[in-house]
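Visitor: no sequence on this one, just coordinates:
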């Protein structure tokens, strides 16, 4: 009998989450029924959206149930299959959750997808060629829709989504400016990811200072902004947006704990004729094939760079997740499970 | 020699504007040069956008220069013409400003437009079949783009723009809910303009009360919101927006004087995948013919109702304008000049 370590949500955070909100449990892997596949997870993806799921109340997704395995994207290998579409040895990406193994009903469309690891490493299907990469692609191409020569700014620029946004925008002939925390991340954003500039929000830590830094980094103003954080950075950005600028709202990590953070001057939406639009990548499944094609080609040919922060073992997932929320990761945060 | 009374901007307001910010002057009407037309104004239009022009600093338009005639839309009659396109007696709409007469260079495209008053009263070309009507049409059809059965809310519902928004939305099969100040305006919005419901913001005067009133008036949530005011009404609306809702930012009258008014919870843009978009009707000239055609037909056939508040004489314009900013007008605010 194969034992399966799992992490469940033990309690909901009242403000900042802690490791106490999670609990490690162990359960036997059940015998497969017809149409089912057993996947051994190699990597678990940790993503900011999981923080929202830990809360009760209105969000774009159902709250994560208490005492159930935490939701999460996984890549792994089929170890046993009672479904004709999959065979042992297949590399697959799915939503296996925070556990070592998952049993998947292969007949449910979209639950499990075979991937080719000839030119793209397996872990990249959780990052640059996975949900974060597609998130970048959808927000950039569908909402910001930048023209050659325009200036695009992205916050959380060293993260999995932000890094892809910037490189996709560079590929479209834009000036690309990142915002990230600390000199190391800013250096990586410029030197490794090829952004034109990067602003350290820990140095420029209020609206006025950030706005001034943006003015220097964006001499022609800002045409598109990929929003990952909210708060004072958004306020500073709005002051620098050009007429007809577009802001894609992908995440607002600064508002996850407790009170909502206001937008200082919404009248700028009118004054600068801005478009602000929120989106959830899972609601645009029709765009995934085109996005994955571009992202996969760019990774395979070395035109889309990314970093991974890899925590070792399922037990390390809660700590790594809390670090992600504080920006401690460098690029895509993964947990190695096998 | 014909004398021309004019009102110029005497000084910029430091907070709320007063009549002291304006000055009445008189000047002789100059002799016409070739290509010019002399128009005697019958009506001057007073509009909230003029408040923004009185300020210095960044807005979507140049500030109104000091000691120059206040900008403004006018309808009138050609009294003398040295341009082949116009003849004495022609009824025209233009941007003649706060004065009794204007001399217009007829060769400049769009400066002066002949109108037909057979089925549409002259003054309506400043309201329902003019800039306010087209503003309503553009925001509703291009940004909110409502589907039959959806719920559309509009603030300043008894105003020239708001009233047209609601009736255009009703014509598209929507449930239409207005927001207006006081029982008289609310009754008119329902009884004369045909809205399904109207909420009195003087009764429901904070975010919580307004949100509760909206819940009752919009049992299926809100799909589109035409924003004319900003502040707590916007906050309350955002709490009730359905997923994929659209908000057209046309005006934010509550933020004209002094400090910007924040948006309480911009994370709702993401949570509810909203689109918020600002627009200025003068930047969409290509849409005016289609808009004016629908609006003109609706007025001529009695399907677009509107009210006018008419102040008498140019001297009354400053007082009437200040009243408009405080919501004292009932429908389109005009000044009768001849």
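Guide: Received the coordinates, thanks. Keep in mind the model is a prediction, meaning the values are calculated, not measured.
Visitor: so who does residue A:315 touch?
Guide: A:5, A:24 (C-beta atoms under 8 Å, 6 or more residues apart in numbering or on different chains). Every residue, glycine included, has its C-beta placed from N, CA and C.
Visitor: hang on, it in a helix?
Guide: Yes. Assessed by DSSP: H, G, I helix; E, B strand; the rest coil, residue A:315 belongs to a helix.
Visitor: Number of residues surrounding the closest residue to residue A:307 other than its chain neighbours?
Guide: Excluding the flanking residues, the one nearest residue A:307 by C-beta to C-beta, 6 or more residues apart in numbering or on different chains is residue A:331, at 2.9 Å. If you count neighbours by other C-beta atoms under 10 Å in any protein chain shown, residue A:331 ends up with 23.
Visitor: Check whether residue A:331 really touches residue A:324, as I assumed.
Guide: No. The pair residue A:331 / residue A:324 is not scored as a contact, 10.8 Å apart, by C-beta atoms under 8 Å.
Visitor: can you give me the helices for the stretch 151-300 of chain A?
Guide: In the stretch 151-300 of chain A, the helices defined using DSSP state H, counting those that start in this stretch lie at A:160-171, A:183-191, A:207-217, A:232-240, A:267-271, A:288-300.
Visitor: So which of those helices is nearest chain B?
Guide: Nearest to chain B, of all the helices of the stretch 151-300 of chain A, is helix A:267-271, at 3.9 Å by C-beta to the nearest C-beta.
Visitor: Which secondary structure elements does that closest one sit against?
Guide: For helix A:267-271, the packing partners by 3 or more C-beta pairs under 8 Å, 6 or more residues apart in numbering or on different chains; DSSP states H and E come out as helix A:232-240, strand B:275-278.
Visitor: just these: most buried one?
Guide: strand B:275-278 (a mean of 25; mean count of other C-beta atoms under 10 Å in any protein chain shown).
Visitor: wait, does that one make contact with chain A?
Guide: Yes. On the criterion C-beta under 8 Å from any C-beta of the partner chain, strand B:275-278 is in touch with chain A at B:275-278.
Visitor: Farthest-apart pair in those residues, please.
Guide: By the measure C-beta to C-beta, B:275 and B:278 form the most distant pair in the residues of strand B:275-278 next to chain A, at 11.3 Å.
Visitor: tell me which element residue A:32 falls in.
Guide: Of the helices and strands defined by DSSP states H and E, none includes residue A:32.
Visitor: Check the gap between the residue nearest to residue A:307 and chain B for me.
Guide: 23 Å (C-beta to the nearest C-beta, to the nearest Å).
Visitor: try residue A:37
Guide: From residue A:37 to chain B the distance is 32 Å (C-beta to the nearest C-beta).
Visitor: For that residue, give me the pLDDT.
Guide: Looking at residue A:37, its pLDDT reads 97.
Visitor: I'd like to know how many residues surround the residue nearest to residue A:119 when sequence neighbours are not counted.
Guide: Excluding the flanking residues, the one nearest residue A:119 by C-beta to C-beta, 6+ apart is residue A:300, at 3.8 Å. By other C-beta under 10 Å, the residues close to residue A:300 number 15.
Visitor: Up against chain B, what does chain A have?
Guide: A:58-60, A:230, A:234, A:243, A:249-252, A:255, A:260-267, A:269-280, A:283.
Visitor: Recalculate using a threshold of 6 Å.
Guide: By the rule C-beta under 6 Å from any C-beta of the partner chain, the part of chain A lying against chain B is A:59-60, A:249, A:252, A:255, A:260, A:262-267, A:269-271, A:273-279.
Visitor: Among those, name the buried ones.
Guide: In the residues of chain A next to chain B, burial by neighbour count holds for A:59-60, A:249, A:252, A:255, A:262-267, A:269-271, A:273-279, counting by 16 or more other C-beta atoms under 10 Å in any protein chain shown.
Visitor: Who is residue A:310 paired with across the strands?
Guide: Going by DSSP bridges, residue A:310 is paired in beta bridges with residue A:334.
Visitor: That one against residue A:333, yeah?
Guide: No. When contacts are counted by C-beta atoms under 6 Å, residue A:310 is not listed as touching residue A:333 (8.2 Å).
Visitor: Show me which of those two is the more surrounded one.
Guide: Between residue A:310 and residue A:333, residue A:333 has the larger neighbour count (other C-beta under 10 Å), namely 27 against 15.
Visitor: That one contacts residue A:47, correct?
Guide: No. Assessed by C-beta under 6 Å, residue A:333 is found out of contact with residue A:47, at 7.7 Å.
Visitor: so how far is residue B:155 from residue A:209?
Guide: 35 Å (C-beta to C-beta, to the nearest Å).
Visitor: For those two, work out which one has more neighbours and name it.
Guide: residue B:155 (29 against 15).
Visitor: So for chain A, the centremost residue is which one?
Guide: Chain A has residue A:132 as the residue nearest its centroid, 4.0 Å off, counting by C-alpha atoms, centre = their mean.
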